[in-house]
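[1] Here is the input, now give the coordinates:
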Amino acid sequence: MAEIKDSKGLVRKYMYVHGGVDNAVYSDELWQYEIPFAPFSYYPSVDDAGNKWTLLTKSIKRAFHSLFYYNSQLYLYAGYEGTTFKDDMWRFDIATKVWT
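    The predicted model follows:
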């Protein structure tokens, strides 16, 4: 889980889900779920209160990998891409939405 302050100064809590496989089709999607953790009075409006999924990017097809959050970045390690096992590391910058 990641805690990030938004431009309004509100603390937001997120969970991230990446990739996976279904019927031999490997996913390249990175999703962000905003966890509603405070009473509605904390948020400026009901529409701004979290409890929603957002597709952040599509890029790296991977299953059976590790994804972890550290220092405002997501890191993806290893996994299987459908034809080979990988032993690589990728970093996703949450602010710019760019993999490197």
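[2] going forward, measure contacts and count neighbours with C-alpha atoms only.
    Will do.
[3] tell me the pLDDT at the most centrally placed residue in the chain?
    Geometric centre of the chain, nearest residue: Tyr16, 3.1 Å, by Cα atoms, centre = their mean. Tyr16 carries a pLDDT value of 95.
[4] helix, strand or coil for it?
    Of the three states, Tyr16 takes strand under DSSP: H, G, I helix; E, B strand; the rest coil.
[5] Surely it is in contact with Ile35?
    No: contact criterion Cα atoms under 8 Å: Tyr16 and Ile35 do not qualify, at 10.5 Å.
[6] I'd guessed Arg12 sits against Tyr33; true?
    No: using Cα under 8 Å, Arg12 makes no contact with Tyr33, being 10.3 Å away.
[7] For the helix or strand bottoming out on mean pLDDT in the chain, which strands pair with it and how are they oriented?
    The weakest-scoring helix or strand in the chain, judged by mean pLDDT, DSSP states H and E, is strand 2-5 (a mean of 82). Using DSSP bridges, strand 2-5 pairs in its sheet with strand 11-18 (antiparallel).
[8] Who is Lys86 paired with across the strands?
    Under the criterion used (DSSP bridges), Lys86 bridges to Gly79.
[9] Contact partners for it?
    By Cα atoms under 8 Å, 6 or more residues apart in numbering, the contact set of Lys86 is 78-80.
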